[in-house]
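Q: please work out how this folds:
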Amino acid sequence: MGDIVCKFGGSSLADASQIRKAIEIIGETEARRFVVPSAPGKRDVEDTKVTDLLLLCHELARQQLDIAEPFSRIEERYGEIVEGLGVDLDIIGLLNQLRVDIEQGASVDFVASRGEHLNGRVMAATLDATFVEPAEVIKFTGSGALDDQTYRLIEEKISGSGRYVIPGFYGAAPDGEIKTFSRGGSDITGAVVARAVTAEVYENWTDVSGMLMADPRIVPDAKPVHEITYREIRELAYMGAGVFHDEAMFPVRDAGIPVNILNTNEPDEPGTMILPERKLTDRYVVGVAGRPNFSMLFIEKALMNQTKGFGRRVLDVVAEHDISYEHSPSGIDTMSVIISDEELGDKGESLVSELESLLQPERVMMLPGLALIATVGEGMSHRIGIAATLFSALAEANVNVRVIDQGASEINIIVGVEEQDFERAVRAIYGAFEG
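A: Numbers count the residues shown, from 1 in each chain. Next up is the predicted model:
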């Protein structure tokens, strides 16, 4: 069997008992040579993730306030982990140095990355594995993209025998300073390592037995997904299916490496396998996912379709406000731009004002309270009746559709609905295809 890269999420490494489960899984086969740990996550619903405690310490230090309370909780977490595992590691010395770094003004990326760094040190000591410092091998360009030299550096660093532990979530900027991926970025680290070593499979260990066709908080009896393609998972992850980071798909997809999402607490469950392609069955739809908190910029102008460059100028104004947009459905005399509320922030009023002045439309307004829902499946392509089934289900559930968008690939249909209709719409769509 070829090499396996295994990434363990925060809930899988939340305390000593969880880490022992991960150690047992790793030890089942010598093929699991490359281990990517996250920072300790929540031990229960009332708990706080270590990364959140670290970010709190950074913010307090930035305001020149005392970090003693949150930092003592970090010390307690790692102290219990090291003691529970009986590992020979000077965790007190590492934590003392971290506190000094925070109080002396370490960057937010450096501080945020220390949860993974310390858990990596713990895992390497427990496994008697080689610890690999990500800042030495995972490189970012000046624009924040992953530098292609990363793959060569990783391959050179971990070319020997034995096991290696590479903490997730971070690397180094061109100036050598620590830089992190977005939250949940340990998935990306695992994918990058998998591509660098040409792994046979990339195992992503979490606290769930793979993916479900819908969020179980909305659809309690949602069915499991055993196989899914890179394209499908990318669409679902982007729309809020939180099992796998959407940006982690690209390194493994380019190399054709399958990803197996598995449950640390139920390691014998098959989980979900993410593949380049899958055998299509009568299940046309593989999943339904969505999220609220979007706004729609609506513009109406007579003869818009005959005005050269109109759409480009709208999007130029959006970009000049440092806003990225999600979708842009349009009609003959109308154009809409869908923007997440987080991205929009407080820029909506100035954006509308500038568009009114520049383009002089009949109407321009920002409409809040939108939720987007994606219905995804390779089997939907060129399948007659899929859209009819979806929209009939929404009509029967008394859900008004405000936006319709379908990509050229035809593997997804995105609808925008009122936020108060979001969960009802998800249940209606799921029931129409799986009920």
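Q: how about the contacts made by the closest residue to Glu396 other than its chain neighbours?
A: Excluding the flanking residues, the one nearest Glu396 by CB to CB, 6 or more residues apart in numbering is Ala428, at 7.0 Å. Yep, even glycine has a C-beta here, placed from its N, CA and C like the rest. By CB atoms under 8 Å, 6 or more residues apart in numbering, Ala428 lies in contact with Ala393, Leu394, Glu396, Ala397, Val399.
Q: quick one: neighbours of Leu344, just the number.
A: 20 (other CB atoms under 10 Å).
Q: list the contacts for it?
A: Ser295, Ile323, Leu351, Met366.
Q: distance of it relative to Asp66?
A: As judged by CB to CB, to the nearest Å, Leu344 and Asp66 stand 35 Å apart.
Q: how about Ile274?
A: Ile274 is 45 Å from Asp66, by CB to CB.
Q: what does Ala302 give?
A: In terms of CB to CB, Ala302 sits 62 Å off from Asp66.
Q: now do Ser186
A: Taken as CB to CB, the span from Ser186 to Asp66 is 30 Å.
Q: between the two, which has more neighbouring residues?
A: With neighbours defined as other CB under 10 Å, Ser186 and Asp66 compare such that Ser186 has more, 28 against 12.
Q: what's the neighbour count on the closest residue to that one other than its chain neighbours?
A: Nearest residue to Ser186, sequence neighbours excluded (CB to CB, 6+ apart): Gly168, at 2.6 Å. Neighbourhood size, Gly168 [other CB under 10 Å]: 32.
Q: what's Gly168 sitting at in phi/psi?
A: phi -80, psi 170 (degrees, to the nearest 10).
Q: same check, this time on the one 10 residues further on
A: The phi and psi torsions at Ile178 (degrees, to the nearest 10) take the values phi -60, psi 140.
Q: contacts only, for it.
A: With contact taken as CB under 8 Å, 6+ apart, Ile178 is in contact with Ser107, Asp109, Phe110, Ser113, Ala135, Tyr170, Gly171, Ala172.
Q: what sits up against stretch 69-89?
A: Contacts for stretch 69-89 (CB under 8 Å, 6+ apart): 15-17, 19-20, 40, 48, 50, 53-54, 56-57, 60, 91-92, 95, 99, 102, 118, 121-122, 125-126.
Q: point to the residue nearest the middle of this protein.
A: The structure's the chain has its C-alpha centroid closest to His245; by CA atoms, centre = their mean the separation is 2.7 Å.
Q: grab the nearest non-local neighbour of that one.
A: Asp187 (3.7 Å).
Q: immediately after the host helix or strand of that neighbour, which helix or strand?
A: Per DSSP states H and E, Asp187 falls inside helix 186-196. Toward the C-terminal end, the helix or strand that comes next after helix 186-196 (DSSP H and E) is strand 201-206.
Q: what strands line up against that following strand, and which way round?
A: Using DSSP bridges, the strands paired with strand 201-206 are strand 4-8 (parallel), strand 259-263 (parallel).
Q: I'd like those as a markdown table, with distance to Phe71, mean neighbour count and mean pLDDT appended.
A: Below are the strands paired with strand 201-206 laid out as a markdown table (distance: least, CB to CB, whole Å; neighbours: other CB atoms under 10 Å; pLDDT from 0 to 100):
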| stretch | distance to Phe71 | mean neighbour count | mean pLDDT |
| --- | --- | --- | --- |
| strand 4-8 | 24 | 27 | 97 |
| strand 259-263 | 32 | 23 | 94 |
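Q: ok so, going back, show me what contacts the residue nearest to Ser186?
A: Counting by CB under 8 Å, 6+ apart, Gly168 touches Lys7, Val36, Pro37, Ser38, Glu116, Pro134, Gly185, Ser186, Asp187, Ile188, Thr189, Gly190.
Q: any idea how far Ile138 is from it?
A: Taking CB to CB, one finds Gly168 at 10 Å from Ile138.
Q: what residues do those two have in common as contacts?
A: Thr189.
Q: pLDDT below threshold where in the stretch 201-350 of the chain?
A: 242-243, 246, 281-282 (pLDDT under 70).
Q: follow-up on the earlier one: just the pLDDT for the residue nearest to Ser186.
A: For Gly168, the pLDDT comes out at 95.
Q: repeat that for Ser113.
A: Reported pLDDT for Ser113: 97.
Q: between helix 186-196 and the helix or strand hosting it, find me the angle.
A: Element membership for Ser113, per DSSP H and E: helix 108-127. Following axes from the mean of the first three to the mean of the last three CA atoms, to 10 degrees, one obtains 60 degrees for the angle between helix 108-127 and helix 186-196.
Q: only the buried residues of helix 108-127, if you could.
A: Neighbour counts over helix 108-127 (16 or more other CB atoms under 10 Å) mark 109-127 as buried.
Q: strands paired with the helix or strand just after it, and their directions?
A: Past helix 108-127, further along toward the C-terminus, the next helix or strand under DSSP H and E is strand 130-131. Take DSSP bridges as the rule and strand 130-131 pairs in its sheet with strand 164-165 (parallel).
Q: contact partners of the strand it pairs with?
A: Here strand 164-165 makes contact (CB under 8 Å, 6+ apart) with 33-37, 120, 123-124, 127, 129-132, 158.
Q: mean confidence for that strand?
A: The average pLDDT within strand 164-165 is 98.
Q: wait, doesn't Ala214 sit right on Gly287?
A: Yes. Taking CB atoms under 8 Å as the definition, Ala214 is a contact partner of Gly287 at 6.7 Å.
Q: tell me which of these two has more neighbours.
A: Set side by side, Ala214 and Gly287 show more neighbours around Gly287, with 28 against 25, by other CB under 10 Å.
Q: show me the contacts for that one.
A: Met211, Leu212, Met213, Ala214, Val225, Ile228, Glu232, Leu236, Ala241, Val376, Gly377.
Q: mind telling me what element the fourth one is part of?
A: Okay, so that is Ala214. Going by DSSP H and E, Ala214 is not part of any helix or strand.
Q: how about it, phi and psi?
A: Dihedral angles (degrees, to the nearest 10) for Ala214: phi -160, psi 160.
Q: brilliant, that's me finished.
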